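J.: sequence and predicted structure below; questions after.
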Amino acid sequence: MTLDLAMRGQMIEVVTIPDATIRAQAIRLGIYEGAKLICSEKLPAGPVILQNRMQEIAIGRNLAKKIAIKAL
Amino acid sequence: MHCHNPVCTMEIPEGARKIVLAGNPNVGKSVFFNALTGMYVDVSNFPGTTVDISIGKYKDDVVMDTPGVYGVSSFNDEERVARDVILFADVILNVVDAVHLERDLFLTQQIIDMGIPMVIALNMMDEVKRNGLNIDIDLLSKELGVEIIPTTAIKKEGMEEMKAALARAKVGNRIPKVKTLMEKVVDQVDVDAEALLVVEEDENVLERHDLKNQYGNREEIYKLRRNRIDEVINAVVTTTNQGASFRTKLGRWMLKPITGIPILFVALYLTYQAIGVFVAQTVVGITEEVIMGQYYYDFIMGIMTRLVSETSFIGQLLIGEFGILTMAPIYLLGLLLPLVVGFYFILSIMEDSGYLPRIAALVDRLLTGLGLNGRAIIPMILGFGCVTMATITTRLLGSKRERFIATMLLGLAIPCSAQLGVIVGLIAPLGGKIVLLYASTIFVVFVLTGTALNKIMPGESTDLLIDLPPLRIPVATNVLRKTYIKSKMFIMEAGPLFVLGAVVVTMLQYSGTLESIMDTFAPVTEGFLKLPKETAQTFIMGIIRRDFGAAGLNDLVSQGLLNPLQTVIALVVITLFVPCIAAIMVIFKERSWQESALIWIGSFVISFLAGGVLAQLVL
C-alpha cells in the first residue's frame, strides 16, 4: 500500500521512495527504504506526518501517494 | 596550493586556525558563536549568494558560522555556502540537538567522513530529561571517535568546557568503505575533504575540478551512513517514558486544522495588533509626525531655506513636496523603518520558535491548488516584510514552475511591510466592511492568478517534504540581531531608491510632465477607476516603490480628495501594482527576461483590471 493510506498512530515500514533527489533528502531526515516509523498525524487531504522518537517530518499528500509502505 | 573554493578569497590571518560552526537549523549555533567571539563580529555576504555568514575571532583563531543544514551537499544556497565553509575548516564545532540525534548525527558523520577534526557540543541537554530520554554520552563519544561536550547553551552551561575542548579536536571514526572510495579520488582535489563530495556526486565540486561524475555513489554512501547512525543511536539512546511534553502537544495542535487554524488566526491577530496598530499608529504617529515631521522638518528647512529658494528647481529637488531632504527621509525613516523593524522582529520570533514549518504543513493542501507546496508559505510570509528579499528566497522552491508562480504572486498580490503599514493606517479608520472588501479583493485576485497559472503552466510542481523542528522559546539576542541585520539591509536597499524616486517625481512635476501624464491617464483614472486624476501621480510613484505610491495616496486622502470607497479602489490598484524597482531588478536577475517582463506587465494589467472591476461594482 502507499503512505497516504496509512492510519494515524500506525507503525509502518517504508518500502520504496521514487526519485533519487527525494531519496537523498529524505534519508538525511531518517526516512529511507526499510525505515520503521510511526504515522503520527494526517491532515485532512493534506500532509502525512511521520515520526521517529522526537523527529517529525511532514510529507505532502501527493508524495505520500508515491511512497510504498507496509503496515507493521 | 591552487584553490577552487570562494572561501579562499576571504582574508584569514596567517597562522590562524579556521574554527567553523556546523549544525542543523535551529540548534543554537549562534549562541556558541557569540560565546566564542564576543562583540566583534563581521557579517558578510557570501560571494555569489544571498546568504550571510558571520565571522569573528576567538583568541588567535578565526570563527565562522554557517547556515543550518541537514547535510553537506548542494540542494540549495544555504547548503552550498555551508559546504564551502566546512570544506576549508581546520576545526569543526558541530552543534547537535540532543533530542534530535536521528536527524543531526547524519551531518556529524558526514563531517567525520570528510576527515576534518571536530568537537561535538551536545546541546539542549535540559530537554533530554524533560522528554523522557537518556543518552549514554561516553558511549556516543567512543562510537563517533570525537569528544562530546554536553551543553545547554541558553543557560550558558558547558560553554567553558566547549572552549577548552576545541584544542583537543580530532578526526572521528570514519566509515571504512567510504574512506576507501575517497582514496581513489583524493589526488584530484585541493583538500582531502573534497574527495567525499566527489564520491557523493556533488555537482559543484565535480565541476570545480573538471571531473566527470564517474566515481559517485551518493545513494550507497548515504545508506551506509544512515545505517551507521541508526546503529549508534539505538545503542546510546534509551526512552525512559513516553509522556509527551506540553510543547510536543502544542506542536501537534499547530498542525491539526481544527486547532491549527485558530492558532494561526490568533498569531496573525497578534501580529496585526503589534504591527498594524501599535507600530503603524502609535509609533509612527511619533516618528513620522513628531520626530521627522516637526523636529527634523523644521531643522532642515531652517538650514536649507537660507541657502536656496524653495520655489527654484534646486529648492524643489531638495526641499519641495517630493524633496530628497524632506519627503524621502521622512517617509523612509519616520514611516517605513518602524514598520519594517516591527515586522522583522515578529518574523524572527516565528522563525526561531519553529512555528513556520508547521504553518507550511498546515497550508500545504491550500497551496497545492495554486501549483505550490506548503514550503512556498515561507517566501509569501517573507514577502510581507520585503518582496525583494522574498523573491530571492523563492530559490528554496523545488522547481522552476513553482519559482515562477511564487514570484508572480509575490510581485502581484503581497504588499510589503512598508506598504502594508501605510495601507493599514489608511484603511483601519474606515471600518470593518471596508477592510473586508479590500482584503477579500486582494485574496480573490491572489487565488485566481495562482489557480490560472497552475492550469496554464506546463510541468508538475514538487511535493512537500519538510522537517518539523521542536518548538522552542526564541533567544532574545538572536531575534534582535536578525531584526537589526534585516532592517539595516532594508534601509540600504530602499534609501537610494527613495532618493531616485524623489528626483524623478520632482522633475516630472517641475517640467509639467506630471500634469500631462495625469491628463493622459484621466480617462482610465476617472472613467474606469472612478478616481480623481491626481491619483495617477501615486501610480507613477508606485512604479518606483509601491510603498512610496501608498504613501502618496496617504497625502491625497488627507487632502480629502478620495472618499472611503475610492480609497479602497486606489489601494487595491496600488497593492496589486508592479513590483518596486528593487524587486523587479531581482526578478530580472532570478528569472528569464521574458518571464520578468510578463510579471511586470501582468501586474500592471491585473492591478488596473481588478481596480476597475471593483469600481464598476461598488461605485
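T.: Received the coordinates, thanks.

J.: burial check on B:Lys179, number of neighbours?
T.: By the criterion of other C-beta atoms under 10 Å in any protein chain shown, B:Lys179 has 14 neighbours. Every residue, glycine included, has its C-beta placed from N, CA and C.

J.: swap that for B:Tyr215, please
T.: Neighbourhood size, B:Tyr215 [other C-beta under 10 Å]: 17.

J.: I'd assumed it was in a strand, is it?
T.: No. Under DSSP: H, G, I helix; E, B strand; the rest coil, B:Tyr215 falls outside any strand and is assigned coil.

J.: state the distance from it to B:Phe106.
T.: For B:Tyr215, the distance to B:Phe106 (C-beta to C-beta, to the nearest Å) stands at 21 Å.

J.: got it, and B:Asp65?
T.: Taking C-beta to C-beta as the measure, B:Asp65 and B:Phe106 are separated by 20 Å.

J.: do B:Pro496 as well
T.: From B:Pro496 to B:Phe106 the distance is 44 Å (C-beta to C-beta).

J.: repeat for B:Arg80
T.: 18 Å.

J.: do B:Gly334 as well
T.: Distance from B:Gly334 to B:Phe106, by C-beta to C-beta: 49 Å.

J.: checking A:Gly34 next. Helix, strand or coil?
T.: Quick answer, by three-state DSSP: A:Gly34 is coil.

J.: now do the contacts for it.
T.: The contact partners of A:Gly34, by C-beta atoms under 8 Å, 6 or more residues apart in numbering or on different chains, come to A:Glu13, A:Val14.

J.: so for it, what's the pLDDT?
T.: Per-residue confidence (pLDDT) for A:Gly34: 92.

J.: next: the one 4 residues further on.
T.: Among the per-residue scores, A:Ile38 shows a pLDDT of 94.

J.: give the helix, strand or coil label for it.
T.: Applying three-state DSSP: A:Ile38 is strand.

J.: what's the helix or strand for the closest residue to it other than its chain neighbours?
T.: Nearest non-adjacent residue to A:Ile38, counting by C-beta to C-beta, 6 or more residues apart in numbering or on different chains: A:Gln51, 4.7 Å away. For A:Gln51, the host element (DSSP states H and E) is strand A:48-52.

J.: what residues does the helix or strand where B:Phe265 lies touch?
T.: Secondary structure from DSSP H and E places B:Phe265 in helix B:257-271. Helix B:257-271 has contacts (C-beta under 8 Å, 6+ apart) with A:Leu43, A:Pro44, A:Gly46, B:Trp253, B:Met254, B:Ile346, B:Met350, B:Tyr355, B:Arg358, B:Ile359, B:Leu362.

J.: quick one: the strands in chain A?
T.: In chain A, strands defined by DSSP state E lie at A:11-16, A:36-42, A:48-52, A:55-59, A:68-71, listed in chain order.

J.: reformat those as TSV; add mean neighbour count and distance to B:Arg130.
T.: Below are the strands of chain A laid out as TSV (neighbours: other C-beta atoms under 10 Å in any protein chain shown; distance: least, C-beta to C-beta, whole Å):
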stretch	mean neighbour count	distance to B:Arg130
strand A:11-16	15	25
strand A:36-42	19	19
strand A:48-52	22	18
strand A:55-59	25	16
strand A:68-71	15	31
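
J.: which of those sits closest to B:Phe577?
T.: B:Phe577 lies closest to strand A:55-59 among the strands of chain A, at 34.9 Å (C-beta to C-beta).

J.: list the buried residues for the longest helix seen in chain A?
T.: For chain A, the longest helix by residue count, based on DSSP state H, is helix A:20-28. Under the neighbour-count criterion of 16 or more other C-beta atoms under 10 Å in any protein chain shown, helix A:20-28 has A:Ile22, A:Arg23, A:Ala24, A:Gln25, A:Ala26, A:Ile27, A:Arg28 buried.

J.: same thing with stretch B:231-250?
T.: Residues B:Val232, B:Ile233, B:Val236, B:Val237, B:Arg247 are the ones in stretch B:231-250 that count as buried (16+ other C-beta under 10 Å).

J.: strands along the stretch 151-300 of chain B, start to end?
T.: Ranges of strands in the stretch 151-300 of chain B, per DSSP state E, counting those that start in this stretch, are B:237-239.

J.: which pLDDT value belongs to the closest residue to chain A within it?
T.: Per C-beta to the nearest C-beta, B:Tyr222 is where the stretch 151-300 of chain B lies closest to chain A, at 4.9 Å. Here the pLDDT value assigned to B:Tyr222 is 95.

J.: what do you get for A:Ile69?
T.: Taking A:Ile69 on its own, its pLDDT is 95.

J.: hmm, A:Val14 and it touching each other?
T.: Yes. In this structure, A:Ile69 is within contact of A:Val14 by C-beta atoms under 8 Å, at 5.7 Å.

J.: who's in contact with B:Ile540?
T.: Per C-beta under 8 Å, 6+ apart, neighbours of B:Ile540: B:Val505, B:Leu508, B:Leu514, B:Ile517, B:Gly549.

J.: likewise for A:Arg28?
T.: By C-beta under 8 Å, 6+ apart, the neighbours of A:Arg28 are B:Tyr70, B:Gly71, B:Arg103, B:Phe106, B:Leu107, B:Tyr222.

J.: pick out the most distant pair among the residues you listed.
T.: Distances among those were taken as C-beta to C-beta; the most separated pair is B:Arg103 and B:Tyr222, at 13.7 Å.

J.: between these two, who's got more neighbours?
T.: Applying other C-beta under 10 Å to B:Arg103 and B:Tyr222 shows that B:Arg103 carries more neighbours, namely 27 against 22.

J.: got the angle between the helix or strand hosting the more buried one and strand A:48-52?
T.: Per DSSP H and E: B:Arg103 is located in helix B:101-114. If you take axes from the mean of the first three to the mean of the last three C-alpha atoms, to 10 degrees, helix B:101-114 sits at 70 degrees to strand A:48-52.

J.: cool, thanks, talk later.
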